[in-house]
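Any chance you can model this:
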Amino acid sequence: MALQLQKELNPEQADAAATISGPVLIIAGAGSGKTRMITYRIAYMLEQGISQSEILALTFTNKAASEMAERIRLVTGKPMNKLTASTFHSFGLSVLKRNGSYLGYSKGFSVYDQSDKMGMLKSSLVELRIDPKSEDLYALSELISSIKTGRLQFSADTSEYKPLFKEYNSHLKLYNAVDFDDLIMQPIALFQQFPEILELYRKKYKYILVDEFQDTSIQQYQLVKMLSCNHRNLCVVGDDDQSIYSWRGADFRNITNFEKDYPECREIKLEQNYRSTGTIIQAANTLIKNNKNRKKKRLWTGDEKSGIIALSHPEDESEEAEFIADKIKEVMIKHRLRYDNFGVLLRTNNLLTAIEHAFLSSNIPYKVSGGQSFFQRKEIKDIIAYLRIMANLDDEMSLLRIINTPKRGIGKTTLQFFRKLSDQKNCSLFSAITASVHAADTGIRESIRRNSSELIDFINSYREQLFSRKKLSTVLTSMLTDISYKNHIISEHPDNDQLAQWKMKNVDLFISILDRWERNPDKKGDSLYDFLGSISLVGKTEPDQEAGKVNLMTVHASKGLEFHTVFLAGVEDHIIPHKRSLEENPDNIEEERRLFYVAITRAKNNLYMTSCRTRKYMREVIETIPSRFLEELPSDLIEQPGEDTVADVESAANYFDQMRQRLKAGVP
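This next block holds a predicted model:
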C-alpha cells in the first residue's frame, strides 16, 4: 500500500520526508515528531525503489538505531535486515573489522572502554617510571582524547605528556586494541590513506541520514562528508537549541559548516510540538531566544496554556528533597500517575544524596540513570576479560585481569619476569608466557611453570571451543564452572552472603544476555568477535529491569526523554549556569542556557523548580542566588509557592483502593 505522507504527517514533516535527493538540513525542535518523520522518510525512500543496502542512517545510541529500524519495519511491513541503522562508533567498528588489516590490526582486535583506557594509562606511566598516583588520570585521559581527535595540539603546558601519548598509542597497537576515539579517527585515516576503500563505501551508501546532528563532533562530520561529497544525498536532522555535549567534542557549529559545504541544501523547520503544554512551550521559547548563536525558530502547540510551572525556595537541600518527595506523592494521587511518570533532573550528580535519602525515607522507588553500567561491574568485567583474551591473545589488559582471577599462584615477581621477556622480544605477554613454559630452561620454578602452562592450555582449549560450532553461552557456562568462579565470588565476600548472591545473579544475567544474542536470527553467522564488539558499544546502559520507578538523573542524561511531571532541583546561579563552566569560558553561558532549555522541554504537563536559599558546599553552608535563567522566564507563567497542599486522606484511600481493584482485575 502506497504511503500517504500528507495524511500521516504535518505539512513540514511531509515535506522533509519527501525530499530525498540532494543535501537537506532539517531543524527539528524539541518534541516536534522528528523520529516519526525520519521513519516515514526512510519508508518513502524504500517505496521509491531505493535499496535498504544503499541507506546509511547514523545516530548516537544503539537504542535509537534499533528503534528506528523497528519503526520502519512496522510502517513497511518488511524486515530491515539490509538497512544500516547504526551509531557512529558502531559504523566505525564495522569499517575497521572489514578493513583493519590495512592499518595493521589483526582479526579480533579489542575495543577498550574508559576503564580499560585508565588501566592502559597507568601501565604507560609505569613504563615511563612515573607514579600514576602523582597524576590526574581523568585529566590525562581527556588530554589524550583531545590530542588524538585534533581538538587540541600539544602546547608549552602539555608538551611533557608527549612521551605518554606515544607510549599509550604504541601499547594499543601492541595489544591489537583500539579505544573509542579510534573508532572514528582510524576509519578517517583508512579512507585518507586508501581512497579505493573510501570509493567502495561511497558507491555502497548513496543516501546518508544523520540524526541528532547538533551532537556530532568535527571528526564525525568529517567522516560523513567524506562518504557523501560525491552523491551529496546527505540529510542531517538536529536542533542547535539542544546542543549540550561540547565537553565530549560535539560542535553545534557543524550546522553552519554543513550550509557552507552544501550551499545548495534545502532547509526545513519542524516547529510544531507534540509533547508539552502551551505553558511549557511558551516558557522554553522565551528562554532560548536569549541565545544569539542559533537558528531562529519558535515552537508552537495546539494545546492551550494548561499544565503548571512552579518555583519553590526551600531553606536547604534537605527541605528541597522532602518537598520533591511529598510533591511526587501528591501529584501521583491527584493525577492517577505511576512513579515512572516522574523525572527528577539535576545539573550535577553531587546533588543526588539528599534526594536519594528523602526517597528512601518516603518509600519512593527510584532508579538513577547514568550510574554504574551493568557491564562495568567487577564480576561482569572479569567474564568479559576471559572472553576477550580468548578472542585476542594479544590483549594484555584482559590477560592481566584474569591471570589471578581466581588465584593461580602466578605472583608479582613472576609477572614482572614475563613482562620483561615480552619487552625484550617485542611480543605480547601471552606469547612471552607461552615461550617461557615451553623453553628448556628459563629460570622459573617448576610450580610456576606448571601453573602458567595450565593457564595457557586453559585459554587455548576454551578459545578453540568458543570458535567451534558450539553454543557460546554453553561454553561460557562450562568455563565458569571449570574455574569455580561462583566460589571465587563467595570467597571474596565471606561476610556478605547477600552481596555474593547478587553478584552471582549478575553472572547468570550476563549468560542469559549472551544466550538471547545468539538466538537472535539477525545474528546468525556472527561470532564471539561480534558479541564483544556489540557489548563494548552498548555497555553504557544497564538492562532495563527497573520500570515503575521515579527517574533520577542529570539533565544531560535526560536528553531525548519525556515525563508527565519534571522536577528540576538546584536552580541556583552557581549550579545552572555552572560556576566552573563559566570560569572556563564565559561564552559557555549559551550552552548552559541550552541545558536549562532541554530540562524544561522534558516536561509534558508539569514543571516544578526548586532554588534553595542555602546549600552545603564542601563543609560550609553558603547563601545561594536563584539562577539568572529564572529571570528570563515569563513571570506570569510561574506559580510562586503558597500553602503546602497535601492530598486528603479520602482521596489517597480512594486512589489506592482503585489500584488494588485494577491489580485484582489484571489491569496494569
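
So which elements touch the helix or strand where Thr279 lies?
Assessed by DSSP states H and E, Thr279 sits inside helix 278-288. With contacts taken as 3 or more C-beta pairs under 8 Å, 6 or more residues apart in numbering; DSSP states H and E, helix 278-288 sits against strand 308-312, helix 589-600, strand 603-610. (C-beta placed from N, C-alpha, C; glycine too.)

can you dump the C-alpha coordinates of that helix into PDB?
Written as PDB, here are the backbone C-alpha positions of helix 278-288 (Å, rounded to 0.1, in the frame of the first residue of the first chain):
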ATOM      1  CA  GLY A 278       1.400  25.600  25.800                       C
ATOM      2  CA  THR A 279       2.700  26.800  29.200                       C
ATOM      3  CA  ILE A 280       5.900  24.800  28.900                       C
ATOM      4  CA  ILE A 281       6.400  25.700  25.300                       C
ATOM      5  CA  GLN A 282       6.000  29.500  25.900                       C
ATOM      6  CA  ALA A 283       8.500  29.400  28.700                       C
ATOM      7  CA  ALA A 284      11.000  27.400  26.600                       C
ATOM      8  CA  ASN A 285      10.700  29.800  23.700                       C
ATOM      9  CA  THR A 286      11.100  32.900  25.900                       C
ATOM     10  CA  LEU A 287      14.200  31.500  27.500                       C
ATOM     11  CA  ILE A 288      16.100  30.200  24.400                       C
END
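
returning to what we had before: could I get the helices and strands packed on helix 278-288 as CSV with mean neighbour count?
Shown next, in CSV, are those (neighbours: other C-beta atoms under 10 Å):
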stretch, mean neighbour count
strand 308-312, 19
helix 589-600, 23
strand 603-610, 24
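
Which among the ones you listed is found nearest to Ala250?
Among those, helix 589-600 comes nearest to Ala250, with 9.7 Å by C-beta to C-beta.

Would you state the helices of the stretch 301-450 of the chain in chain order?
317-335, 352-361, 378-391, 396-402, 412-425, 429-438, 446-466 (DSSP state H, counting those that start in this stretch).

Show the average pLDDT along the fifth one.
Mean pLDDT, helix 412-425: 84.

okay, the helices and strands packed on helix 278-288 in JSON lines with mean pLDDT and distance to Leu472 next?
Putting those into JSON lines (pLDDT from 0 to 100; distance: least, C-beta to C-beta, whole Å) gives the following:
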{"stretch": "strand 308-312", "mean pLDDT": "96", "distance to Leu472": "52"}
{"stretch": "helix 589-600", "mean pLDDT": "97", "distance to Leu472": "40"}
{"stretch": "strand 603-610", "mean pLDDT": "97", "distance to Leu472": "42"}
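
Need the ones you listed in a markdown table (columns: distance to Thr348).
Listed next are these as a markdown table, based on distance: least, C-beta to C-beta, whole Å:
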| stretch | distance to Thr348 |
| --- | --- |
| strand 308-312 | 20 |
| helix 589-600 | 11 |
| strand 603-610 | 15 |
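
Out of those, which gets nearest to Leu121?
helix 589-600 (28.1 Å).

if we can go back for a sec, so for Arg615, which of the helices of the stretch 301-450 of the chain sits nearest?
Using C-beta to C-beta, the helices of the stretch 301-450 of the chain put helix 317-335 closest to Arg615, at 5.6 Å.

so how far is that closest one from its chain's centroid?
Here the centre of helix 317-335 is set off from its chain's centre by 29 Å, with C-alpha atoms, centre = their mean, to the nearest Å.

Could I get the CA-only coordinates of it as CSV?
Coordinates of each C-alpha in helix 317-335 appear next as CSV, following Å, rounded to 0.1, in the frame of the first residue of the first chain:
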residue,chain,number,x,y,z
GLU,A,317,18.9,20.7,50.2
SER,A,318,17.2,18.6,52.9
GLU,A,319,14.0,20.7,52.7
GLU,A,320,14.3,20.6,48.9
ALA,A,321,14.4,16.8,48.8
GLU,A,322,11.5,16.5,51.2
PHE,A,323,9.4,18.9,49.1
ILE,A,324,10.1,16.8,45.9
ALA,A,325,9.2,13.6,47.7
ASP,A,326,6.0,15.0,49.1
LYS,A,327,5.0,16.6,45.8
ILE,A,328,5.6,13.4,43.9
LYS,A,329,3.1,11.6,46.1
GLU,A,330,0.6,14.4,45.9
VAL,A,331,0.7,14.7,42.1
MET,A,332,0.7,11.0,41.7
ILE,A,333,-2.5,10.7,43.7
LYS,A,334,-4.1,13.8,42.1
HIS,A,335,-3.5,12.8,38.5
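
Many thanks, I have nothing further to ask.
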